[in-house]
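# predicted coordinates and the sequence they were generated for:
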Amino acid sequence: MKKTNVAVVMGGYSGEYEVSLKSGQLIFDSLDRSKYNVYKIVILQEGWFFLDDHGQKVPINKEDFSVPLSSGYTVRFDVCFNIIHGKPGENGELQAYWDLVGQKYTGCGFYQSALTFNKKDTLAVLSKYGILSAKSIYLRKDMPVDIKEIVREIGLPCFVKPNQSGSSLGISKVKTAGEFEKAFALAFAEDEEILIESFLDGMEVSVGVLDLNGKTTVLGITEIVPTKEFFDYEAKYEGASEEITPARIDEETKKRVEDTAKHAYESLGMSGFSRSEFIIMNGIPYMLEMNTNPGFSPASILPQQARHFGISIEDLCGQEVEKALQQHK
């Protein structure tokens, strides 16, 4: 029986590429070699490469996303397992390209990727489906800023964050009007659009959702207890937080969070992995964002939730490959 050729596509153009490489390595190691020929593909600013077992780089042929080997044999992929965090794999660019060249891939399509990468637009769309979020002000780099009006509208403390960036890069908690200038500079370094959001005083949770065996399924609800003031990049990836799965919430709140996360997933027409962040205040979940290519390194939240749910990483990854083969027929 012919094995399926699977490209695990990792890297990316953002500051998250190192996390993506770790996520990609876990998936690369976890895919069943009795079913799949697994290839490591690294996409970076300096080029797109197939990385062989000896660390040698072979450039990708971008006309059809194939690998022309020196032996004269060309490798073509049945499925690309997309695990790039940030651009171009989480903002829709890569998915649109793959659609054009007829390449099958895991996860959601280019529209859902582009939408969910834009926090403002995601929350605006989901508000039409009754999903709550913090009060916010949107700013572009070229827009005038009235700090007094921001404080009057949003209040203090508040959060300043890039509109299109993952992994909490460029985010600041602002406690006084004098801190806005530094917060704006940090956020604008990541994106030309930023959000200023009101402070939600509650428990932060991260909810893994995917379509498992044809059914929208919550893998788990993880409580985030940062040792710092909020769940920033350091808290996510450098151990500056405690992550408790399952979250310490009552059954009624658990059901409300699960129902809201599933409703958001289905309302956006999602597929594949997702991780949604919420703040729970008085038992009510308020959405912060949805990630369509969440971290998948051994310490990441989604693999933690899978273990608690009782599904192996091998099975979780394998079903994504099989689903991609069927969905894109």
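Everything's here; your move. All values derive from a computational prediction rather than experimental measurement. Residues are numbered from 1 along each chain as shown.

# could you look up the SS state of the residue lying closest to residue 309 once chain neighbours are set aside?
Computed as Cβ to Cβ, 6 or more residues apart in numbering, the closest residue to residue 309 that is not its neighbour in sequence is residue 219, at 4.9 Å. Backbone N, C-alpha and C define where each C-beta goes, glycine included. At residue 219, secondary structure determined by DSSP: H, G, I helix; E, B strand; the rest coil is strand.

# residue 219: what's it in contact with?
Counting by Cβ atoms under 8 Å, 6 or more residues apart in numbering, residue 219 touches 208, 209, 210, 212, 302, 305, 306, 308, 309, 311.

# for the fourth one, give the beta-bridge partners.
When bridges are taken as DSSP bridges, the partners of residue 212 come out as residue 215.

# for it, grab the count of nearby residues.
Neighbour count for residue 212, taken as other Cβ atoms under 10 Å: 17.

# wait, it touches residue 319, no?
Yes: counting by Cβ atoms under 8 Å, residue 212 touches residue 319, with 7.0 Å between them.

# can you put the contacts of residue 219 in CSV and add distance to residue 20 and pLDDT?
Below are the contacts of residue 219 laid out as CSV (distance: Cβ to Cβ, whole Å; pLDDT from 0 to 100):
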residue, distance to residue 20, pLDDT
208, 18, 98
209, 20, 98
210, 18, 96
212, 23, 93
302, 14, 95
305, 19, 96
306, 18, 95
308, 24, 95
309, 23, 96
311, 22, 95
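
# between these, which is closest to residue 276?
residue 209 (6.5 Å; Cβ to Cβ).

# need the buried ones from the contacts of residue 219 selected in PyMOL.
Per 16 or more other Cβ atoms under 10 Å, the buried members of the contacts of residue 219 correspond to this PyMOL selection:
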select buried, resi 208+209+210+212+302+305+306+309+311
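
# how about the strands in the stretch 201-329 of the chain?
For the stretch 201-329 of the chain, applying DSSP state E, counting those that start in this stretch gives strands covering 203-212, 215-226, 241-244, 274-281, 284-291.

# how about CSV for those strands, with distance to residue 77 added?
Listed next are the strands of the stretch 201-329 of the chain as CSV, based on distance: least, Cβ to Cβ, whole Å:
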stretch, distance to residue 77
strand 203-212, 22
strand 215-226, 27
strand 241-244, 34
strand 274-281, 23
strand 284-291, 24
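
# so which of the ones you listed is nearest residue 111?
Relative to residue 111, the nearest member of the strands of the stretch 201-329 of the chain by Cβ to Cβ is strand 284-291, separated by 13.6 Å.

# need the CA coordinates for that closest one. CSV is fine.
The C-alpha trace of strand 284-291 is given here as CSV (Å, rounded to 0.1, in the frame of the first residue of the first chain):
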residue,chain,number,x,y,z
ILE,A,284,-19.5,34.9,31.9
PRO,A,285,-16.8,34.3,29.2
TYR,A,286,-15.5,37.3,27.2
MET,A,287,-13.4,36.4,24.2
LEU,A,288,-9.9,37.9,23.6
GLU,A,289,-8.9,36.1,20.4
MET,A,290,-8.9,32.9,18.5
ASN,A,291,-5.6,31.2,17.3
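
# quick check: chain neighbours aside, which residue is closest to residue 113?
In space, and not counting its chain neighbours, residue 113 is closest to residue 92: 3.9 Å by Cβ to Cβ, 6+ apart.

# and that neighbour, how far from residue 268?
Relative to residue 268, residue 92 is positioned 13 Å away (Cβ to Cβ, to the nearest Å).

# show me where the stretch 101-250 of the chain has its helices.
Applying DSSP state H, counting those that start in this stretch to the stretch 101-250 of the chain gives helices spanning 110-117, 119-127, 147-154, 180-188, 233-237.

# among those helices, which is nearest residue 53?
Checking the helices of the stretch 101-250 of the chain against residue 53 by Cβ to Cβ gives helix 233-237 as the closest, at 27.2 Å.

# wait, doesn't residue 224 sit right on residue 275?
No: between residue 224 and residue 275 there is no contact under Cβ under 8 Å: 11.4 Å.

# any residues in contact with both of these two?
Here residue 224 and residue 275 have residue 206 as joint contacts, going by Cβ under 8 Å, 6+ apart.
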